[in-house]
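Participant: The following block contains a protein sequence and its predicted model.
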Amino acid sequence: MLAGCRFQAANALRPLTRTITYKASNFYTDPSKNQEPGVSTSPDISTEQREILDRALRVDQAGEIAANWIYRGQFAVLGRDPRVGPLIQEMWDQEKVHLEVMDKLQLQHEVRPTLLSDFAKAAGFALGAATALMGKEAAMACTEAVETVIGEHYDDQLKDFELLPSSHPSIPLLRDVIKEFRDDELEHLDTAVEHHSQRAPAHALLSAVVGGGCKVAIELCKRF
């Protein structure tokens with residue numbers, strides 16, 4: 001029952017259709033767009049608005065670091081599995097793009113990176129490898145729990161970003177990037193459920209522990 005409620009809550013985050021008809025992340029991955037104002041400049045905003053932007057990008061960059069190392073850990077254990085290995089690789093490849101974009105956003109807006117990046121790498125790899133060693137379903141349960149929290153987190157950020165000025169081109173682009181990444185993460189959640197995440201041993205407990213850990217990590221990275 002708990003798992004079903006969590007999945008329904010995550011589904012509620014999804015728009016009925018993707019309103020973005022292009023990939024906002026392409027502005028950061030396409031070298032021909034490097035000089036566009038939306039990717040090369042940062043807005044002149046109030047101290048309070050700057051805190052919102054800095055906190056958001058610091059957490060998001062740390063989250064993408066952790067996500068990459070979670071998938072690295074899962075792939076180290078399950079990479080040769082003919083069914084799950086390619087699936088993990090596909091989601092990992094998408095997270096690599098997310099991290100590339102977040103690294104560029106961090107530099108663009110001159111945001112101090114988290115002091116916990118090394119911890120995020122180590123903890124992410126340990127979590128990915130440990131759940132993979134518990135079995136394919138447990139690895140998918142890890143993904144389900146992580147992506148549920150991240151989907152909610154990105155939705156909360158979009159509400160915070162309403163306080164930032166749309167007059168500077170970087171802000172509407174940032175909102176679109178976050179929408180794109182949120183939808184990607186929720187697709188990963190769907191994939192995990194489709195591959196039997198909820199059949200994992202002690203699924204409810206595992207989900208609660210992983211999800212709770214993610215929430216604590218988010219709060220720590222906001223501060224440090």
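Facilitator: The structure has been received and is ready for your questions. Numbers count the residues shown, from 1 in each chain.
Participant: From here on, just use CA atoms for contacts and neighbour counts.
Facilitator: Fine.
Participant: what residues are up against Val39?
Facilitator: 27-28, 33, 105, 108, 170 (Cα atoms under 8 Å, 6 or more residues apart in numbering).
Participant: While we're on it, how confident is the model there?
Facilitator: With respect to pLDDT, Val39 scores 91.
Participant: before we move on, what about Gln35?
Facilitator: 89.
Participant: coming back round to it: buried only: go through the contacts of Val39 for me.
Facilitator: 27-28, 105, 170 (16 or more other Cα atoms under 10 Å).
Participant: In CSV: those residues, plus pLDDT.
Facilitator: Output for the buried ones among the contacts of Val39, formatted as CSV (pLDDT from 0 to 100):
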residue, pLDDT
Phe27, 93
Tyr28, 94
Leu105, 96
Ser170, 95
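Participant: if we can go back for a sec, which of the contacts of Val39 fall in helices?
Facilitator: Taking DSSP state H as the definition of helices, the contacts of Val39 contribute 27-28, 105, 108, 170.
Participant: Tell me which two of those residues sit farthest apart.
Facilitator: Phe27 and Gln108 (12.6 Å; Cα to Cα).
Participant: Pick the one among the buried ones among the contacts of Val39 closest to Leu158.
Facilitator: Distances from Leu158 to these, taken by Cα to Cα, are shortest for Ser170, at 14.1 Å.
Participant: and the gap between the nearest residue to the closest one once chain neighbours are set aside and Asp176?
Facilitator: Using Cα to Cα, 6 or more residues apart in numbering and skipping residues adjacent in sequence, the residue nearest Ser170 is Gly38, 3.9 Å away. Note on Gly38: its distance to Asp176, by Cα to Cα, to the nearest Å, is 12 Å.
Participant: surely Ala139 meets Leu127?
Facilitator: No: contact criterion Cα atoms under 8 Å: Ala139 and Leu127 do not qualify, at 9.1 Å.
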